[in-house]
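Asker: Please work out how this folds:
(chains A and B)
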Amino acid sequence: MINTTENSKEVAPRGNFIHQLIEKDLSEGKNNGRILTRFPPEPNGYLHIGHAKSICLNFGITQKYGGLTNLRFDDTNPEKEEDEYVRSIMEDVRWLGFEWGERLYYASDFFQNLYEFALKLIHEGKAYVDDQDAETISKQKGTPTRPGIESPFRNRSVEENLLLFEGMKNGEFDEGSKVLRAKIDMSSPNMHMRDPILYRIMKTPHHRTGDKWVIYPLYDFAHGQCDYWEGITHSVCTLEFEVHRPLYDWFIDQLKENEYRPRQIEFARLNLTYTVMSKRKLLELVKDGYVNGWDDPRMPTISGLRRRGYTPASIRNFAERVGVTKVEGTSDVTLLEHSVREDLNKTVQRVMGVINPLKVVITNYPDGLVEQMEAINNPENPDAGTRLVPFSREIYIEQEDFMENPPNKFFRLSPGREVRLRYAYFVKCTNVIKDEVGNITEVHCNYDPESRGGNSPDGRKVKATLHWVSAAHAVKAEVRLYDRLFSVEDPAGQKDRDFKEYLNPDSLVVMPNCFVEPSVKVSPAFSHFQFERLGYFNVDPDSTAEKLIFNRTVSLKDSWSKEKEKAI
RNA sequence: UGUCCUGUGGUGUAAUUGGCAACACGUCUGACUCUGGAUCAGAAGAGUCCAGGUUCGACCCCUGGCAGGACAACCA
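Answerer: Numbering: from 1, shown residues only, chains lettered A, B, ... in the order given. Alright, predicted model coming up:
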């Protein structure tokens, strides 16, 4: 036999294109081998799964290659920014498992530096005060295909510019009456180089600097410089900033004093099917009450996912799976869901629960007898051990596990049919009790005492195994079933209509009368459970001693409904 | 009629920098007889946007197209 195994190539994971880029920088000895990245959110909303990708990328780079990552709040627009968002962002980054330590920055920390830098540009004749209003300036900028024209104020003297900018800073002018602009090139093919605005006048108090400043730098004038002052080596941002890069570099050119310069690298933001990701839209959902806050379990926010029962590891794995490229694509939410299932499946406590209870009376079972049945905590992990589940004469099963007139493919309980109660006995349906209206109120069964544990000594088989809960011992709970918030693949892409038209009206279904086995109550250590046959659930933080609330993290894929569809 | 970016199975990514395309998810099939959506074992599915060129050989380099995206906020 010919040995072909030599050719079987070991797949050497080479990382994404940013990793390769960094390896190159490292091998060329750039920045003396130093690596410093940053995660720079604007505190104008809660972080979402898209930010998680960026967080994992930025912190992941420095974990892999050695280096540190700063957390920086890009707070140059006081109208949108709030302390609540700052707090939630810090909480979410930490929860994801990343730590910035002492390296916490705010763009507002650099307001003085930026002001002085602006002064320097004015002195060098590279910046000027423009008295025109926003509309006029915008018109003069031209279009992507047509060059702009120069402002009549473009050639003011340095002295006059200095005086006016000083006046702007001292609040002598109204909002919108003057701006500071860079003097670059009004006919540049790149719109961002057509004398971009550096400073505007805003008399809104800032969440950190209060009313100390009435002029605020714009993104382009702040971001790169903050990178520079913090010593960032690789400034990773999303694709839409690609065209800003020449401007980013232009400012750095004016600023740099030695070989060091930060470098902007762009990657594709995350898009998910059935999900809207823009902060503006998420804010709208919150403000207009379509969801119950930023941490509503249906929200794609990190806090929403956390409340929904997603684990930090599952989100990190997901970020790893979707990869990092410059191609704008849309990942499937099922990939995210798969990541949680994979994680939860290994660790989570199995438990029996009934969402839609149907009472079953085992008529030949001794009244008052309670047996403790041994149940496996996690079939994937034998170390998780077993627990005892009480069994008695009256139990609850899932309503959909019983059909009076079963179709062909239905193998669960129906009159005359025998099934297994998981970890307990074989039972056979003997009678159906109905109310005056004809609704089934309870089902009567006989059990086979020989089948304790779930096997009959005579070797006869049953086609189904049901989960159940002893009526006398069950703990009552409210279960919240969540479905996708949107019912259209990419609501953001449906530009013809308002995204809210694609909201799924059944995205939250509250089941108030559920029962779970008593072991749930005595296991406060576990926040996550897999309900046998029903999926993954976690205990909602709003639960109280009186009211136990479960959120469905992800459902198991519904093969039953598939069978139903086939049968029909 | 501009500038920049991008084009690999259904989806998301990879290909040792030129050596006849790999992985994950999904899908399908089978096994597991105390559930199985878990787990295990298999399978199908792209010839890399198109057309030329360089080369013994191209997803990779060159030329020309085509397609998609970003840019005209005193947002970030």
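Asker: For chain A, which segments count as helices?
Answerer: Ranges of helices within chain A are A:17-27, A:49-65, A:83-95, A:111-123, A:134-140, A:158-169, A:219-230, A:245-255, A:279-287, A:302-308, A:312-322, A:333-347, A:559-567, based on DSSP state H.
Asker: Need the ones you listed in JSON lines (columns: mean pLDDT).
Answerer: Below are those laid out as JSON lines (pLDDT from 0 to 100):
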{"stretch": "helix A:17-27", "mean pLDDT": "92"}
{"stretch": "helix A:49-65", "mean pLDDT": "96"}
{"stretch": "helix A:83-95", "mean pLDDT": "98"}
{"stretch": "helix A:111-123", "mean pLDDT": "98"}
{"stretch": "helix A:134-140", "mean pLDDT": "97"}
{"stretch": "helix A:158-169", "mean pLDDT": "98"}
{"stretch": "helix A:219-230", "mean pLDDT": "98"}
{"stretch": "helix A:245-255", "mean pLDDT": "97"}
{"stretch": "helix A:279-287", "mean pLDDT": "95"}
{"stretch": "helix A:302-308", "mean pLDDT": "95"}
{"stretch": "helix A:312-322", "mean pLDDT": "93"}
{"stretch": "helix A:333-347", "mean pLDDT": "87"}
{"stretch": "helix A:559-567", "mean pLDDT": "40"}
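Asker: Stretch A:30-43: end-to-end distance?
Answerer: 32 Å (Cα to Cα, to the nearest Å).
Asker: how about that stretch: buried residues?
Answerer: Neighbour-count burial for stretch A:30-43, counted by 16 or more other Cβ atoms under 10 Å, picks out A:Lys30, A:Asn31, A:Ile35, A:Leu36, A:Thr37, A:Arg38, A:Phe39, A:Pro40, A:Pro41, A:Glu42, A:Pro43. C-beta coordinates here come from the backbone N, C-alpha and C atoms, glycine included.
Asker: So is it next to RNA strand B?
Answerer: Yes: interface with RNA strand B: stretch A:30-43 contributes A:Glu42 (Cβ under 7 Å from any atom of the strand).
Asker: from the chain's centre, how far out does that stretch sit?
Answerer: Put simply, stretch A:30-43 sits 23 Å off its chain's centre (Cα atoms, centre = their mean, to the nearest Å).
Asker: Flag every residue of the stretch 201-350 of chain A that's near RNA strand B.
Answerer: Residues of the stretch 201-350 of chain A lying near RNA strand B (Cβ under 7 Å from any atom of the strand): A:201, A:216, A:218-220, A:223, A:239-244, A:268, A:321-332, A:334-335, A:338, A:341-342, A:345, A:350.
Asker: let's see it at 6 Å
Answerer: A:218-219, A:240, A:242-243, A:268, A:321-323, A:325-332, A:334-335, A:338, A:345 (Cβ under 6 Å from any atom of the strand).
Asker: Can you turn the buried part of the residues you listed into a ChimeraX selection?
Answerer: Selection of buried members from these for ChimeraX, criterion 16+ other Cβ under 10 Å:
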select /A:218,268,322,323,331,338
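Asker: which residues does the closest residue in space to A:Asp185 that isn't next to it in sequence contact?
Answerer: Among residues not flanking A:Asp185 along the chain, A:Met193 sits closest, at 5.4 Å (Cβ to Cβ, 6 or more residues apart in numbering). By Cβ atoms under 8 Å, 6 or more residues apart in numbering, the contact set of A:Met193 is A:Ile184, A:Asp185, A:Pro246, A:Leu247, A:Trp250.
Asker: In the stretch 301-450 of chain A, where is pLDDT below threshold?
Answerer: Along the stretch 301-450 of chain A, segments meeting pLDDT under 70 span A:408-409.
Asker: try 80
Answerer: Low-confidence segments of the stretch 301-450 of chain A (pLDDT under 80): A:379-383, A:407-410.
Asker: Nearest to RNA strand B within it, name that residue for me.
Answerer: A:Gly329 (2.7 Å; Cβ to the nearest atom of the strand).
Asker: how much space between that residue and A:Asp109?
Answerer: Per Cβ to Cβ, to the nearest Å, A:Gly329 is found 36 Å from A:Asp109.
Asker: Grab the CA positions of stretch A:287-304 and hand them over as PDB.
Answerer: Written as PDB, here are the backbone C-alpha positions of stretch A:287-304 (Å, rounded to 0.1, in the frame of the first residue of the first chain):
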ATOM      1  CA  LYS A 287     -37.900  54.000  23.400                       C
ATOM      2  CA  ASP A 288     -41.100  53.000  21.700                       C
ATOM      3  CA  GLY A 289     -41.700  50.000  24.000                       C
ATOM      4  CA  TYR A 290     -41.500  47.300  21.400                       C
ATOM      5  CA  VAL A 291     -39.200  45.500  23.900                       C
ATOM      6  CA  ASN A 292     -38.700  45.800  27.600                       C
ATOM      7  CA  GLY A 293     -35.500  47.600  27.700                       C
ATOM      8  CA  TRP A 294     -32.000  47.200  26.300                       C
ATOM      9  CA  ASP A 295     -31.600  43.900  28.100                       C
ATOM     10  CA  ASP A 296     -34.800  42.400  26.800                       C
ATOM     11  CA  PRO A 297     -34.000  38.700  26.000                       C
ATOM     12  CA  ARG A 298     -35.000  39.300  22.400                       C
ATOM     13  CA  MET A 299     -32.500  42.000  21.900                       C
ATOM     14  CA  PRO A 300     -29.200  41.300  20.200                       C
ATOM     15  CA  THR A 301     -27.500  43.300  22.800                       C
ATOM     16  CA  ILE A 302     -24.900  41.700  25.000                       C
ATOM     17  CA  SER A 303     -27.000  42.300  28.100                       C
ATOM     18  CA  GLY A 304     -30.000  40.900  26.300                       C
END
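Asker: got a list of contacts for that stretch?
Answerer: Contacts for stretch A:287-304 (Cβ under 8 Å, 6+ apart): A:45-52, A:88, A:91-92, A:95-96, A:272, A:275-277, A:282, A:284-286, A:305-309, A:315, A:480, A:482, A:484-485, A:500, A:503, A:507-508, A:540, A:551.
Asker: again with stretch A:105-117
Answerer: In contact with stretch A:105-117 (Cβ under 8 Å, 6+ apart) are residues A:38, A:70-76, A:169, A:206, A:208-209, A:212-213, A:215, A:217, A:221-223, A:225-226, A:229-230, A:254-255.
Asker: Try it again at 7 Å.
Answerer: Contact partners of stretch A:105-117, identified using Cβ atoms under 7 Å, 6 or more residues apart in numbering, comprise A:70, A:72-76, A:169, A:206, A:208-209, A:213, A:217, A:221-222, A:225-226, A:229-230, A:255.
Asker: where do the strands sit along the stretch 401-550 of chain A?
Answerer: A:418-421, A:426-434, A:440-448, A:465-466, A:468-470, A:475-482, A:508-516, A:528-531, A:535-539, A:548-554 (DSSP state E, counting those that start in this stretch).
Asker: now, of these, which is deepest in the fold?
Answerer: strand A:468-470 (a mean of 25; mean count of other Cβ atoms under 10 Å).
Asker: any idea of the mean pLDDT in it?
Answerer: Per-region confidence: strand A:468-470 scores 93 on mean pLDDT.
Asker: Which strands or helices does it pack on?
Answerer: On a contact count with 3 or more Cβ pairs under 7 Å, 6 or more residues apart in numbering; DSSP states H and E, strand A:468-470 meets strand A:394-398.
Asker: what inclination does the strand it packs on have with respect to strand A:440-448?
Answerer: Orientation of strand A:394-398 against strand A:440-448 (axes from the mean of the first three to the mean of the last three Cα atoms, to 10 degrees) gives an angle of 110 degrees.
Asker: Briefly note if strand A:394-398 comes near RNA strand B.
Answerer: No: legend: contact between strand A:394-398 and RNA strand B by Cβ under 6 Å from any atom of the strand is lacking; minimum distance shown is 10.0 Å.
Asker: distance of A:Glu380 from A:Thr233?
Answerer: From A:Glu380 to A:Thr233 the distance is 42 Å (Cβ to Cβ).
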